[in-house]
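Asks: What would the 3D arrangement of this be:
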Amino acid sequence: MTARPAAASAVRITAAIPGLRYDDAPAAIGWLVDVLGAEARQVHPGPDGTVAHAELWFGGGCVMLGSVKDDDLSHRPGHGSIYLVMATPEAVDVLHARAVAAGARIVRPPYDTDYGSHDFSCADAEGNLWHVGTYEPA
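Replies: So this is what the prediction gives:
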């Protein structure tokens, strides 16, 4: 399959930001900060200990998340995946060791791909997959 050029448009997309929902968003934020090294720049509380909206940063990339809500816009936890780009294979291995030490469910231990990336995959407490590796899309 060949890449298609972007359609000419007056509207330009400047970023794509994944969004996740969690049954226990405060615990998820703690895990993402402590285990995967996120920076929680925005955390807006909701009612009854929930999180209305949070922005977690992984270098120059952002993931928005919040607590599951009883509305048609809120998907169930455990149905998303995120890929974190690391600078070196050694950084991938350090993050893998931290995830193992924290008791993360390792879905795929560190491995080298046929396209030159060094990766591993783990699941957070609610089943969302976090893929970590050195592949950086052009």
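
Asks: Every contact and neighbour count from this point should use C-alpha atoms.
Replies: OK.

Asks: Only C-alpha atoms, please: export stretch 15-34 in CSV.
Replies: Output of stretch 15-34 as CSV, limited to C-alpha atoms (Å, rounded to 0.1, in the frame of the first residue of the first chain):
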residue,chain,number,x,y,z
ALA,A,15,-1.8,16.8,16.2
ALA,A,16,-3.6,13.6,17.1
ILE,A,17,-4.1,13.1,20.8
PRO,A,18,-5.3,9.7,22.1
GLY,A,19,-7.9,9.6,24.8
LEU,A,20,-8.5,6.9,27.4
ARG,A,21,-11.2,6.3,30.0
TYR,A,22,-10.5,4.5,33.3
ASP,A,23,-12.8,3.1,36.1
ASP,A,24,-10.1,4.3,38.5
ALA,A,25,-8.5,7.3,36.8
PRO,A,26,-6.6,8.6,39.8
ALA,A,27,-4.8,5.2,40.2
ALA,A,28,-4.2,5.1,36.4
ILE,A,29,-2.5,8.5,36.6
GLY,A,30,-0.3,7.4,39.5
TRP,A,31,0.7,4.3,37.6
LEU,A,32,1.5,6.2,34.4
VAL,A,33,3.5,8.7,36.2
ASP,A,34,5.4,6.3,38.5
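
Asks: Going forward, count from 514.
Replies: Shifting the count to begin at 514 puts that one at stretch 528-547.

Asks: what comes up buried for it?
Replies: By 16 or more other C-alpha atoms under 10 Å, the buried positions in stretch 528-547 come out as 532-539, 541-542, 544-546.

Asks: Tell me how far that stretch lies from the chain's centre.
Replies: Averaging C-alpha positions (C-alpha atoms, centre = their mean, to the nearest Å) puts stretch 528-547 7 Å from its chain's average.

Asks: what comes into contact with that stretch?
Replies: Contacts to stretch 528-547, defined as C-alpha atoms under 8 Å, 6 or more residues apart in numbering, come from residues 551-553, 562-564, 569, 574-581, 587-590, 593, 595, 637-639.

Asks: Whichever of the residues you listed end up buried, select them in ChimeraX.
Replies: The buried residues among the contacts of stretch 528-547 can be selected in ChimeraX (16+ other C-alpha under 10 Å) with this line:
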select :551,552,553,563,564,569,575,576,577,578,579,580,581,588,590,637,638,639
